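In: just to be clear, the model below is a prediction. Sequence and coordinates:
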Amino acid sequence: MSAEQKHTPEPWSLETVPTSIGTCHMIGPFPSRGAKSETHACIYADSVRMGDYGHSAIGDELRANAERIVACVNAMAGVTDPASYIATLQERIDTFSESAAAYMAERDELLAALQAAYLLALSMPDCMARVRGQPTYCLMRDTIAKLTGRESEKVQNEYEERAVFAKHGAAK
């Protein structure tokens, strides 16, 4: 145990043992100044015998509480101030979430512009312009497919159909 660390070093463990009147969930081990070199903190489930779990809501809850204590302590191994650590992580998550939302909104705007440009390009009556622009059309189509999680061929078929309707004044 270091000078700044006031608790028993990790890893902690959990052992469930029977008692004369129920069950003990032993957490630890911890150093002892008594007759034994180590001791445990116990969460008792009085009147709940081992093997009764699944039949006793309180026994299940006490076991889950003991498991959670051990898991939390072990997860924070090496962290001197868990509350500050969690607060910092939450701030970073919040900042990331805000940035991700902004990027998604921008992506959606750019996708809408790309979809409109692709539809317009496919609606062009000049066949030679379409032939010269074929690599650009393919790039637009493939980008729309990637951003929408669809196959390029399906995107092309949908937009060509929409372009036909757009040429004839009937928007789909």
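Out: Yep, it's here.
In: okay, CA-based contacts and neighbour counts for the rest of this
Out: Will do.
In: what helix or strand is the residue nearest the centre of the chain located in?
Out: Taking Cα atoms, centre = their mean as the criterion, residue 93 is the residue nearest the geometric centre of the chain, at 10.8 Å. Using DSSP states H and E, residue 93 sits in helix 82-122.
In: what distance separates that helix from the middle of the whole chain?
Out: Distance of helix 82-122 from its chain centroid, counting by Cα atoms, centre = their mean, to the nearest Å, is 16 Å.
In: just checking, residue 163 touches residue 125?
Out: No - using Cα atoms under 8 Å, residue 163 is not in contact with residue 125, being 10.3 Å away.
In: between those two, who's got more neighbours?
Out: Legend: neighbour count by other Cα atoms under 10 Å for residue 163 and residue 125, higher for residue 163 (22 against 10).
In: please save the CA atoms from the one helix or strand the more buried one maps to in PDB.
Out: In this structure, residue 163 sits in helix 152-167 according to DSSP H and E. Provided in PDB are the C-alpha atoms of helix 152-167 (Å, rounded to 0.1, in the frame of the first residue of the first chain):
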ATOM      1  CA  SER A 152     -23.900   1.100 -55.600                       C
ATOM      2  CA  GLU A 153     -26.100  -0.600 -58.200                       C
ATOM      3  CA  LYS A 154     -29.200   0.000 -56.100                       C
ATOM      4  CA  VAL A 155     -28.300   3.700 -55.600                       C
ATOM      5  CA  GLN A 156     -27.700   4.000 -59.400                       C
ATOM      6  CA  ASN A 157     -31.000   2.300 -60.300                       C
ATOM      7  CA  GLU A 158     -33.000   4.500 -57.800                       C
ATOM      8  CA  TYR A 159     -31.500   7.800 -59.000                       C
ATOM      9  CA  GLU A 160     -31.800   6.900 -62.700                       C
ATOM     10  CA  GLU A 161     -35.500   6.200 -62.100                       C
ATOM     11  CA  ARG A 162     -35.900   9.500 -60.200                       C
ATOM     12  CA  ALA A 163     -34.000  11.300 -63.000                       C
ATOM     13  CA  VAL A 164     -36.500   9.900 -65.600                       C
ATOM     14  CA  PHE A 165     -39.400  11.200 -63.500                       C
ATOM     15  CA  ALA A 166     -37.600  14.600 -63.000                       C
ATOM     16  CA  LYS A 167     -37.100  15.000 -66.800                       C
END
